[in-house]
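**Student:** Prediction below, plus the sequence it came from.
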Amino acid sequence: MIAHLFNAPIKEDETAVGVGTVGSSEAIMLAGLAFKRKWQNKRKEQGKPCDKPNIVTGANVQVFCLCKTAGQGDQIATTISV
């Protein structure tokens with residue numbers, strides 16, 4: 001539905017995958033979850049542990065939202081001064 005709304009160039013035999021959000025907090029949370037899955041899959045392929053992901057951000061981002069995302073996804077949030 002979203003792909004058609006934004007006129008995405010998909011063929012009839014293809015399926016678009018994606019999501020739309022209303023606010024930036026939701027977008028950050030979904031992106032954090034997607035990044036975690038991508039990171040886990042890469043680590044599994046490499047035969048490395050994938051049970052303790054770490055999100056490192058500057059203090060100038062939406063810290064509350066990232067910490068909440070990390071807490072829900074069993075991730076470690078580290079904030080550094082910029």
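**Tutor:** Received the coordinates, thanks.

**Student:** Show me what the helix or strand bottoming out on mean pLDDT in the chain is packed up against.
**Tutor:** Using mean pLDDT, DSSP states H and E, helix 63-72 stands out as the lowest-scoring helix or strand of the chain, at a mean of 72. On a contact count with 3 or more C-beta pairs under 8 Å, 6 or more residues apart in numbering; DSSP states H and E, helix 63-72 meets helix 24-45, strand 54-58, strand 76-80. Using the backbone N, CA and C atoms, a C-beta is placed for each residue, glycine as well.

**Student:** Show me the one of the ones you listed that comes nearest residue 13.
**Tutor:** helix 24-45 (24.9 Å; C-beta to C-beta).

**Student:** And the average pLDDT for the closest one is what?
**Tutor:** In this model, helix 24-45 has a mean pLDDT of 86.

**Student:** Would you mark the buried spots in that helix?
**Tutor:** Neighbour-count burial for helix 24-45, counted by 16 or more other C-beta atoms under 10 Å, picks out 28, 29, 32, 36.

**Student:** Let me see the contact set for the closest residue to the first one other than its chain neighbours.
**Tutor:** In space, residue 28 comes closest to residue 65 once its chain neighbours are excluded; the distance is 4.9 Å by C-beta to C-beta, 6 or more residues apart in numbering. Applying C-beta atoms under 8 Å, 6 or more residues apart in numbering to residue 65 gives the contacts 24, 25, 28, 29.

**Student:** Among the residues you listed, which one lies nearest to residue 75?
**Tutor:** Nearest to residue 75 out of the contacts of residue 65 is residue 29 (C-beta to C-beta; 11.5 Å).

**Student:** Any idea how many residues pack against residue 4?
**Tutor:** Using other C-beta atoms under 10 Å, residue 4 is surrounded by 9 other residues.

**Student:** before we move on, which element is it in?
**Tutor:** Taking DSSP states H and E as the criterion, residue 4 maps to helix 2-5.

**Student:** can you pull the buried residues of that helix?
**Tutor:** Neighbour counts over helix 2-5 (16+ other C-beta under 10 Å) mark no residue as buried.
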